[in-house]
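Novice: give me a model of this one.
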Amino acid sequence: MRAAVTVAPRRIEVKELPDPTPAPDEALLRVEVAGICGSDLHMFDGTNPYANFPLTQGHEFSARVVALGSAYQGAVKPGDRVTVEPLIYCGECFPCRHGRPNCCVRLKVLGVHTDGAFAEMISVKSRALFPAGSLDAELTALVEPVSIGMQVVTRGQVTGDDTVVVYGAGVIGQATLVCARDRGARVLVVDKLPSRLELARKLGAEATAEAGREDVAKVIADWTNGEGPAVAVDATGVPAVIRAAIDAVAPSGRIVIVGISDQEVSIPVIQFSRKELTIVGSRNNAGVFGQALDLVQRLNDRLRVLVTHRFPLDQAQDALDLALDRPQHAEKVLLTITDTK
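Specialist: Sure, this is the predicted structure:
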C-alpha cells in the first residue's frame with residue numbers, strides 16, 4: 001500500500017509499505033478520504049509533544065471495509081462505508097471505568113500515537129467502526145471533527161434556551177456552532193479572519209465579531225442585552241481569549257475549554273466565586289460519536305461548505321503546507337486516498 005509518511009518536521013514522503021494484518025478484534029479498511037486536523041498540523045511541524053517520526057498521520061476519515069477479524073459479531077459487512085472513532089483506550093483505568101474513555105490514562109489516538117489514515121489501508125479495532133449508510137465519503141470524513149463539537153456542547157450542557165459565544169472559528173469552532181444550533185441555542189462566533197466568520201454565518205451563526213477590528217466585548221454585551229452569554233467556548237487555546245471568555249460570560253454561566261495550549265492563564269480568583277462559574281475542559285469525545293454521525297447524516301450537504309481544498313495522496317506535502325501556512329484560505333483540507341465510489 002501507499003502511505004504519506006511524515007519523516008521529519010514539515011517533511012512528508014509517499015512510501016510503499018506492507019498492507020496491515022488485522023488481529024481477530026480488528027477490521028481491515030481501505031481508506032477513501034482523510035481530513036487534516038489542527039492536531040495533524042502540530043504533529044507535522046513537530047510542535048506536538050507526542051511527535052515521533054516516522055509517522056503516518058490522520059485520524060478523521062472514511063473507509064470501506066475490506067475484511068473483519070474473526071472475533072467480530074456486529075452488523076457491518078465487507079464493502080460497507082464506515083467512519084472510525086480514532087481512540088484506543090484500555091477500558092480499565094478510572095476514567096474508562098466511569099464512562100470517560102477519552103481521558104484514558106493509556107489513551108492512544110490513530111495518527112498521533114500510532115500510524116493513521118494517510119494511507120491506502122489501515123487496521124482498526126472493530127469496536128471503533130460506525131457504518132455511514134448512504135453518506136458520501138467526504139461527509140463521512142467530517143464525522144470525527146463534528147464529534148469534538150458534540151462533546152463540547154455536551155460538556156457545556158447547552159440547551160435551546162442558551163446563548164453561546166464560540167471563540168475561534170476553525171473547524172472545531174464551526175463544529176461547535178453546528179452542534180449548538182442543532183440544540184436550538186443562539187450562537188455568536190468570534191474570530192480574526194473574515195473568511196471564517198462568513199462561513200460561520202452560512203452555518204447558522206446569528207452574529208459574529210471580528211477580533212482586532214471590532215470591540216468584541218461590546219459586541220457580545222450588546223448581543224446579550226448586557227447579560228453575557230450562558231455559555232462561552234474557547235476553541236483557540238490562547239490565554240488572553242480564555243480570560244476574555246471568563247470576563248464575558250454571564251454570572252452562573254458555563255465555560256468550555258477545547259482549545260489546546262501549554263501556556264498559563266492568569267485569572268482573578270474572585271471571578272470564580274463572584275460569578276459562581278462552571279469551567280470545564282473538553283477532549284475528543286465520550287460516547288457521542290454516534291450522535292455526531294446522526295447529525296452529519298441529517299445536515300448532509302449543508303456541512304460541505306467546511307471543505308475548502310482537496311488533494312490526492314501524492315500531494316499530501318502540499319496539502320499540509322497549505323493548511324499550516326495559509327489558514328485564512330484553508331478550513332477543512334481533505335486528502336482523497338483511494339476511489340470514493
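
Novice: please identify the helix or strand for Val164.
Specialist: Secondary structure from DSSP states H and E places Val164 in strand 163-167.

Novice: err, Leu293, not the other one
Specialist: helix 289-299.

Novice: buried set for that helix?
Specialist: Using 16 or more other Cβ atoms under 10 Å as the test for burial, helix 289-299 gives Phe289, Gln291, Ala292, Leu293, Leu295, Val296, Leu299. Glycine gets a C-beta too; all of them are placed from N, C-alpha and C.

Novice: just give me the neighbour total for Val231.
Specialist: Using other Cβ atoms under 10 Å, Val231 has 28 other residues around it.

Novice: got a list of what Lys332 touches?
Specialist: Contact partners of Lys332, counting by Cβ atoms under 8 Å, 6 or more residues apart in numbering, are Gly35, Ile36, Leu142, Pro145, Val171, Leu306, Val307, Thr308.

Novice: now those residues: which count as buried?
Specialist: Gly35, Ile36, Leu142, Pro145, Val171, Leu306, Val307.

Novice: confidence-wise, which of the buried residues of helix 289-299 comes last?
Specialist: On pLDDT alone, Leu299 ranks lowest of these, at 95.

Novice: does it touch Leu177 like I think?
Specialist: No. Contact between Leu299 and Leu177 fails when scored by Cβ atoms under 8 Å: they sit 11.9 Å apart.

Novice: show me what Ile36 is bridged to.
Specialist: Assessed by DSSP bridges, Ile36 has beta-bridge partners Val333.

Novice: any idea of the pLDDT on it?
Specialist: In this model, Ile36 is scored at 97, pLDDT.

Novice: out of the buried residues of helix 289-299, the closest to Ala63 would be?
Specialist: Of all the buried residues of helix 289-299, Ala63 sits closest to Leu293, with 13.9 Å by Cβ to Cβ.

Novice: which of the residues in stretch 213-227 are buried?
Specialist: Residues of stretch 213-227 classed as buried by neighbour count (16+ other Cβ under 10 Å): Val216, Val219, Ile220, Trp223, Thr224.

Novice: as TSV, those with secondary structure and distance to Val256 would be great.
Specialist: Below are these laid out as TSV (DSSP: H, G, I helix; E, B strand; the rest coil; distance: Cβ to Cβ, whole Å):
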residue	secondary structure	distance to Val256
Val216	helix	18
Val219	helix	20
Ile220	helix	16
Trp223	helix	19
Thr224	coil	17
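
Novice: residue contacts, the spatially most central residue of the chain?
Specialist: By Cα atoms, centre = their mean, the chain has its centre lying nearest to Pro145, at 2.9 Å. For Pro145, the contacting residues are Gly35, Cys37, Glu60, Val171, Ile172, Ala175, Lys332, by Cβ under 8 Å, 6+ apart.

Novice: go ahead and confirm the first one touches Gln57.
Specialist: No. With the criterion set as Cβ under 8 Å, Gly35 and Gln57 do not qualify as a contacting pair; they are 10.9 Å apart.

Novice: now for the contacts of Lys332, which pair is the farthest apart?
Specialist: Largest pairwise distance in the contacts of Lys332, by Cβ to Cβ, is 13.6 Å, between Pro145 and Thr308.

Novice: show me where pLDDT drops low in the protein?
Specialist: Judged by pLDDT under 70, the chain has no weakly predicted residues.

Novice: hmm, back to that, okay, buried residues for the strand holding Val164 please.
Specialist: For strand 163-167, by 16+ other Cβ under 10 Å, it's Thr163, Val164, Val165, Val166, Tyr167.

Novice: return the closest of these with respect to Ala185.
Specialist: Nearest to Ala185 among the buried residues of strand 163-167 is Val164, at 4.9 Å by Cβ to Cβ.

Novice: sounds good, over and out.
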